[in-house]
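>>> This is the structure alone, sequence omitted:
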């Protein structure tokens, strides 16, 4: 009897739930987060720039090598291929093994005022192109006596087959001479920038005797050097001047607008001389550039800008390649000797600069004992220490987050609902938010303004934020805008903030963060 009653109740329940549709349908409320985000001080600048103190106070450190001198600004070695063609002046008989060509060649690297006595090759080639017009095999030997690898002089021997009637046989060979130590003092040992080599041609000892008529080509050779780049060079580096203009990003790309007040910044410009030659440096200008506002601020510092800086020569620790002892010249900038604060308050995306280096202002003081390693010449490093203690007005920065996805296989699945933003603010700043909906190509399809202000965290007597302040904001949306949001893949968060008690300066700490959660509360039809 009990089982019968249960069965009747179950049938009655199914009958009363059945609607006009063939399948059952229920409406349920869904409360789901569309996105969660945490904005911290790391979202303002790159993580590598953040240096916390033991109490959590944050200092922003910009430390960058803003310039390195390329080798070709000191000297550049051009290709030195040269050709020789020699024809028979009369009737000549060539027996097997006869040396018909042995001509020392000396090429001038033409380095202007630079006078090198030796170089260690980083990369480059020796090249031999030979054409054999003779009806017997010939042997060419390419010798560079002052080019040595592990103490062994460069020598290459190549054999060309006999030329066919009315034709030639040809050799075109490129030899890698990376790692070779090359003397550049020429055949007399008293010159500079000169490489001596010899190409020797002879008939093959196993060949045949031939007779040449007047005008027959005996020698057709092109030889020399290509793409030579030294790893190390020694000699006199001349009195050249290097003038450079450059730009460096400051890693503040997420900050888009606003004003800050700062009370303390220090910076150090360090010039490094890795060349074995005396030098002078002059910073002719440096400016911070804010492309958003079009405002530039020039650095004013009598101890640095347009001030002659003498750089002592580097020294060697052993034969090449060995480590070197570079020399350094540092200039400190702060509130007392520059307008460095104004440069940073400009909120620049980049720093532009103009810098000059002058070699050997006293001439050949070393007696041709200057040296350089081409991977280490002149460097300029800028290190800025910015304690994140500031007052901010209408600072705007932008970040992006992925959105959660909701099944919308049928247009009428989603019913009415609302969206709520929960903001837990650990910054002593009040925030205004705008959410930009992005499609798969990160193109904005719609924007959503959060109608209320996100309240700042409370401050203690030392002006440090304590805990987090929650703000709950209900966001009214039209059905069209709601659907735009639900169909988006990502959201760009535009956050504009002001510090509490502006213009009072507030220190930023590592535990400051703004937690955001956007929640959709709507009806969802299940069929």
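In hand now; what should we look at? Since the model is a prediction, treat every value here as computed from it, not as a measurement.
>>> which strands and helices sit next to the one helix or strand residue 470 maps to?
Element membership for residue 470 (DSSP states H and E) is strand 469-475. If you count contacts as 3 or more CB pairs under 8 Å, 6 or more residues apart in numbering; DSSP states H and E, strand 469-475 packs onto strand 414-425. Yep, even glycine has a C-beta here, placed from its N, CA and C like the rest.
>>> the inter-axis angle of whichever helix or strand comes after the strand it packs on versus strand 469-475?
The helix or strand immediately downstream of strand 414-425 is strand 429-438, counting by DSSP H and E. Put simply, strand 429-438 runs at 40 degrees to strand 469-475, going by axes from the mean of the first three to the mean of the last three CA atoms, to 10 degrees.
>>> just to revisit the earlier point, list the buried ones in the strand holding residue 470?
Counting neighbours by 16 or more other CB atoms under 10 Å, one finds that the buried residues in strand 469-475 are 469, 471, 473, 475.
>>> One more: stretch 494-506?
The neighbour-count check on stretch 494-506 (16+ other CB under 10 Å) flags 494, 495, 496, 497, 498, 499, 500, 505, 506 as buried.
>>> what's the spacing between the third one and residue 437?
Counting by CB to CB, to the nearest Å, the gap between residue 496 and residue 437 amounts to 18 Å.
>>> What segments of the stretch 51-200 of the chain are strands?
Chain-ordered strands for the stretch 51-200 of the chain, with DSSP state E, counting those that start in this stretch as the definition, fall at 58-68, 82-87, 92-94, 99-108, 115-132, 138-149, 152-160, 169-176, 181-183, 194-203.
>>> The stretch 251-400 of the chain now?
Assignment of strands within the stretch 251-400 of the chain using DSSP E, counting those that start in this stretch yields the ranges 255-262, 266-273, 279-290, 295-298, 309-311, 315-316, 324-325, 327-333, 350-359, 370-373, 378-387, 389-402.
>>> closest to residue 70 out of those?
Taking CB to CB as the criterion, residue 70 comes closest to strand 378-387 out of these, the separation being 10.0 Å.
>>> ok, then the element right after the strand holding residue 470?
Downstream of strand 469-475, the first helix or strand assigned by DSSP H and E is helix 479-486.
>>> Give me the angle between that following helix and strand 469-475.
Using the same axes, to 10 degrees, helix 479-486 lies at 130 degrees relative to strand 469-475.
>>> Please point out which parts of helix 479-486 sit buried.
With burial defined by 16+ other CB under 10 Å, the residues of helix 479-486 counted as buried are 481, 482, 484, 485, 486.
>>> mean confidence score for it?
Predicted confidence along helix 479-486 averages 72 (mean pLDDT).
>>> Mean confidence (pLDDT) on the strand holding residue 470, please.
The average pLDDT for strand 469-475 rounds to 91.
>>> for stretch 50-64, same thing?
87.
>>> can you list contacts of it?
41-42, 45, 49, 248, 250-251, 381-389, 507-511 (CB atoms under 8 Å, 6 or more residues apart in numbering).
>>> go again using 7 Å as the cut-off
41-42, 45, 49, 248, 250-251, 381-388, 507-511 (CB atoms under 7 Å, 6 or more residues apart in numbering).
>>> likewise stretch 88-101?
Contacting residues not belonging to stretch 88-101 are listed as 86, 200-216, 218-219 [CB under 7 Å, 6+ apart].
>>> Mind picking the two most distant members of the buried residues of helix 479-486?
Across those, the longest distance by CB to CB is 9.8 Å; it joins 481 and 486.
>>> returning to that earlier point: got the buried residues of stretch 494-506 as CSV, with secondary structure and pLDDT columns?
What follows is the buried residues of stretch 494-506, written out as CSV (DSSP: H, G, I helix; E, B strand; the rest coil; pLDDT from 0 to 100):
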residue, secondary structure, pLDDT
494, strand, 84
495, strand, 83
496, strand, 86
497, strand, 85
498, strand, 84
499, strand, 82
500, coil, 74
505, coil, 89
506, strand, 90
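>>> List just the nearest of those residues to residue 223.
Each of the buried residues of stretch 494-506 was scored against residue 223 by CB to CB, and residue 494 proved nearest at 66.3 Å.
>>> Number of residues surrounding residue 245?
As a burial measure, residue 245 scores 11 neighbours (other CB atoms under 10 Å).
>>> now swap in the one 5 residues further on and tell me
Summarising burial for residue 250: neighbours were counted as other CB under 10 Å, giving 23.
>>> Hmm, residue 349 and it touching each other?
Yes - under the criterion of CB atoms under 7 Å, residue 250 makes contact with residue 349 at 6.4 Å.
>>> buried sites along the longest strand seen in the chain?
Using DSSP state E, we find that the single longest strand of the chain is strand 217-236. Buried residues in strand 217-236, counted by 16+ other CB under 10 Å: 217-225, 228, 230-236.
>>> Tell me what the closest residue to residue 68 other than its chain neighbours is bridged to.
Ranked by CB to CB, 6 or more residues apart in numbering and with sequence neighbours excluded, the top spatial neighbour of residue 68 is residue 379, at 5.1 Å. Beta-bridge partners recorded for residue 379 (DSSP bridges): residue 68, residue 272.
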